[in-house]
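Asks: Predicted structure and sequence below. I'll ask about it afterward.
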Amino acid sequence: MALSLPAIMKTTAARLSALYLLLFALCAVLLVFYMTSLSARMLTAQTQETINDEVLGLAQAYQRGGLPVLVRVVENRSRQPGANLYLIADANGQILTGNVQSLEPGVIETEGWTTDPFSYQRFGEGELDRLRSSGNTDQPTPPANEGNSPQSTGEKGHNAIALVLRLPNQMIMLVGRDLGEPERFRAVISRALTLALGMMGLGGFLIWFFVGRAALKRIDGVSDASRRIMGGDLSGRLPVTGAGDEFDRLSENLNSMLARIAMLNEGLKQVSDNIAHDLKTPLTRLRNRAEATLAGRHKTQDYRQALEGTITESDQLIKTFNAILMISRLEAGYSSEQTSPVDLAATVSDVVELYEPVAEEAGVALEATVPEALTINGNRELIGQALSNIVDNAIKYSTDAAETPKVRVALERAGSEIKLTVTDNGHGIPDDADRARATERFVRLEKSRSQPGSGLGLSLAKAIMTFHNGRLDLLPANPGLSVVMSFPLREAH
């Protein structure tokens with residue numbers, strides 16, 4: 001989706017980015033002015049130090065030979081190329097010697113450092129300008145001050161700073177230095193910093209614009225996927241680019257949540273369908289029994305038997321509904337049952353002891369291999385119910401074994417897990433697909449339905465193991481079936 005600049009600026013991320021960009025530009029501008037001012041102060045200080053060195057040298061010459069030696073030294077230095085300025089004038093300000101032809105009025109009237117840069121003209125520049133204006137270019141160019149001077153010959157309005165001194169005979173000496181080179185250096189720094197500021201500002205704007213557009217496109221992708229999901233397409237997922245950034249982490253967490261919601265909705269749909277199909281038969285049987293009892297004349301004993309059968313059927317229906325509710329609560333991750341340290345060895349012993357009479361009556365040998373103590377953090381009632389369902393199934397489906405029916409319960413610690421295994425030697429479930437379906441609600445692989453049950457035992461056991469962060473596995477025992485309840489060791493004490 002194409003995004004315009006006004007649309008981008010309506011987002012919080014874009015506004016924060018613009019604020020940061022403005023703050024960066026302000027800091028960069030202040031940095032430019034600071035660096036320019038700092039470089040100007042440094043160059044001024046360096047210029048003043050150079051002037052002080054020159055004044056010190058001239059003072060030594062004056063001390064050696066007085067005014068004649070000082071004038072001779074000034075004349076010699078005036079002929080040398082460079083940016084230094086030398087001037088000796090009488091008490092009335094008339095220039096006697098030096099390389100300065102004219103000065104801005106009022107410069108030599110005050111003793112000490114000049115408060116502001118002043119304009120001047122070097123000696124000989126006026127004549128050179130007249131020669132150039134008349135077209136006579138055959139005249140040689142004066143080499144003195146112009147060779148290394150920061151100002152080109154013939155330019156007017158040079159700027160300089162100087163130190164003005166009064167000699168004992170009231171004569172005036174000026175020692176200064178041209179500011180052309182420092183001014184050009186400051187201009188170069190100012191241009192470089194301004195260019196760098198412009199490039200950084202442009203780069204920052206482009207990065208903000210394109211990165212902001214990319215982020216907004218990803219947000220729009222998340223919004224589009226969310227709208228499809230809210231429209232009823234629970235199979236849709238939020239886009240993940242694989243970059244591993246915060247958008248990907250958020251999308252992965254939301255996708256996990258959507259997968260969980262889709263699983264719960266699918267479970268609810270399956271429950272509704274299974275209730276409509278699997279509970280229709282016992283309700284119809286219940287109604288037909290009541291109708292048959294009311295039809296014709298029966299003895300009191302017949303009515304009593306019919307009512308007892310109705311109560312039995314009703315109890316079975318209540319158990320089925322309770323199991324469905326428990327499975328739904330456990331799969332939703334909520335249970336009012338509290339967890340506490342549970343001794344798995346004691347729980348297994350209790351369940352085995354409870355089912356020994358049932359196994360003996362069915363002609364099944366029930367054995368148990370239990371350590372002295374093995375404790376986890378869980379819910380004893382839920383674990384006992386899951387184990388009871390599994391042991392009950394093992395006893396029922398091992399009675400048709402080719403050899404002596406046998407059911408063995410084993411509890412052991414295996415690596416990072418605690419395994420509770422119930423194994424029988426019946427026909428088992430040879431097909432892998434059937435073993436995967438056996439833990440679904442209302443699934444009964446026995447086509448004859450000769451054994452009592454509702455097909456919720458293994459489904460409830462699986463939900464209980466999920467509640468305990470474990471898993472339920474159905475494995476072939478050859479012959480028979482092994483049902484393994486695996487508890488993670490991190491839950492153990």
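Replies: Structure's in. What do you need?
Asks: Can you give me the pLDDT of residue 117?
Replies: Residue 117 carries a pLDDT score of 86 in this model.
Asks: just checking, it touches residue 177?
Replies: No. Applying C-beta atoms under 8 Å, one finds residue 117 not in contact with residue 177, separated by 10.5 Å. Glycine gets a C-beta too; all of them are placed from N, C-alpha and C.
Asks: which neighbours do these two share?
Replies: Each of 160, 161 lies in contact with both residue 117 and residue 177 under the rule C-beta atoms under 8 Å, 6 or more residues apart in numbering.
Asks: what about the two, which has more around it?
Replies: Just comparing residue 117 and residue 177: by other C-beta atoms under 10 Å the higher neighbour count belongs to residue 177, 22 against 18.
Asks: What pairs with whichever strand or helix holds that one, parallel or antiparallel?
Replies: Element membership for residue 177, per DSSP states H and E: strand 172-178. Sheet partners assigned to strand 172-178 using DSSP bridges are listed as strand 84-89 (antiparallel), strand 158-166 (antiparallel).
Asks: Please name every helix or strand in contact with the following helix or strand past the shortest one.
Replies: If I follow you right, that is strand 84-89. Downstream of strand 84-89, the next assigned helix or strand under DSSP H and E is strand 95-98. Under the contact definition 3 or more C-beta pairs under 8 Å, 6 or more residues apart in numbering; DSSP states H and E, strand 95-98 sits against helix 12-79, strand 84-89.
Asks: Swap in 10 Å and give it another go.
Replies: With contacts taken as 3 or more C-beta pairs under 10 Å, 6 or more residues apart in numbering; DSSP states H and E, strand 95-98 sits against helix 12-79, strand 84-89, strand 100-103, strand 172-178.
Asks: Please work out which of these is packed deepest.
Replies: Mean neighbour count (mean count of other C-beta atoms under 10 Å) peaks for strand 172-178 among the helices and strands packed on strand 95-98, with a mean of 24.
Asks: Just the angle for it relative to helix 12-79, thanks.
Replies: 140 degrees (axes from the mean of the first three to the mean of the last three C-alpha atoms, to 10 degrees).
Asks: need the next SSE after strand 172-178, C-terminal direction.
Replies: Assigned by DSSP H and E, the successor of strand 172-178 is helix 180-230.
Asks: starting at the chain centroid, how far to that following helix?
Replies: 21 Å (C-alpha atoms, centre = their mean, to the nearest Å).
Asks: Also stretch 64-83?
Replies: 73 Å.
Asks: what does stretch 94-105 give?
Replies: 71 Å.
Asks: Can you get me the start-to-end distance on that stretch?
Replies: Counting by C-alpha to C-alpha, to the nearest Å, you get 12 Å between the two ends of stretch 94-105.
Asks: What average pLDDT does that stretch get?
Replies: 84.
Asks: swap in stretch 176-196?
Replies: 80.
Asks: And stretch 234-250, by the same measure?
Replies: Stretch 234-250 comes out at a mean pLDDT of 76.
Asks: buried ones in that stretch?
Replies: For stretch 234-250, the neighbour count (16 or more other C-beta atoms under 10 Å) marks 234, 236, 237, 238, 247, 248 as buried.
Asks: picking that back up, so which of the strands paired with strand 172-178 is nearest residue 67?
Replies: Among those, the nearest to residue 67 by C-beta to C-beta is strand 84-89 (8.6 Å).
Asks: about what we covered before: from the buried residues of stretch 234-250, pick the one nearest residue 296.
Replies: residue 234 (53.7 Å).
Asks: Quickly find the element holding the nearest residue to the closest one once chain neighbours are set aside.
Replies: Closest residue in space to residue 234, ignoring its immediate chain neighbours: residue 262 at 4.4 Å, by C-beta to C-beta, 6 or more residues apart in numbering. Using DSSP H and E, residue 262 falls within helix 246-278.
Asks: So what sits opposite residue 162 in the bridge?
Replies: In this entry, residue 162 is beta-bridged to residue 176, by DSSP bridges.
Asks: What count of nearby residues applies to it?
Replies: As a burial measure, residue 162 scores 29 neighbours (other C-beta under 10 Å).
Asks: Indicate which one of the helices and strands packed on strand 95-98 is closest to residue 459.
Replies: Comparing these under C-beta to C-beta, the one sitting nearest is helix 12-79, at 46.7 Å.
Asks: so residue 396 makes contact with residue 364?
Replies: Yes. Assessed by C-beta atoms under 10 Å, residue 396 is found in contact with residue 364 at 9.0 Å.
Asks: which residues are in contact with both of the two?
Replies: 358, 424, 426 (C-beta atoms under 10 Å, 6 or more residues apart in numbering).
Asks: can you list the domains in the chain?
Replies: The chain breaks down by automatic domain parsing into domains covering 28-187, 337-493.
Asks: so who does the residue lying closest to residue 355 once chain neighbours are set aside touch?
Replies: Nearest non-adjacent residue to residue 355, counting by C-beta to C-beta, 6+ apart: residue 391, 5.2 Å away. If a contact means C-beta under 10 Å, 6+ apart, then residue 391 has 348, 351-352, 354-355, 358-359, 366, 368, 407, 409, 422, 424, 483 as its contacts.
Asks: returning to what we had before: put together TSV for the strands paired with strand 172-178, with mean pLDDT and distance to residue 55 on each row.
Replies: Listed next are those as TSV, based on pLDDT from 0 to 100; distance: least, C-beta to C-beta, whole Å:
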stretch	mean pLDDT	distance to residue 55
strand 84-89	88	10
strand 158-166	87	6
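Asks: Format the ones you listed as JSON lines; extra columns: distance to residue 195.
Replies: Formatted as JSON lines, those follow (distance: least, C-beta to C-beta, whole Å):
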{"stretch": "strand 84-89", "distance to residue 195": "33"}
{"stretch": "strand 158-166", "distance to residue 195": "25"}
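Asks: Out of those, flag the one nearest residue 51.
Replies: strand 158-166 (5.3 Å).
Asks: Got the phi and psi for residue 91?
Replies: The phi and psi values for residue 91, taken as degrees, to the nearest 10, are phi -60, psi -20.
Asks: Tell me the confidence at it?
Replies: 82.
Asks: check contacts around the residue of the chain most remote from its centre.
Replies: Here the centre of the chain is the reference, and by C-alpha atoms, centre = their mean the most remote residue is residue 68, at 81.0 Å. Applying C-beta under 10 Å, 6+ apart to residue 68 gives the contacts 61, 62.
Asks: Tell me the pLDDT of it.
Replies: 87.
Asks: cool, and residue 137?
Replies: Reported pLDDT for residue 137: 47.
Asks: What of residue 407?
Replies: pLDDT recorded at residue 407 is 92.
Asks: wouldn't it be in contact with residue 426 here?
Replies: Yes. At 9.0 Å, residue 407 and residue 426 qualify as touching, with contact defined as C-beta under 10 Å.
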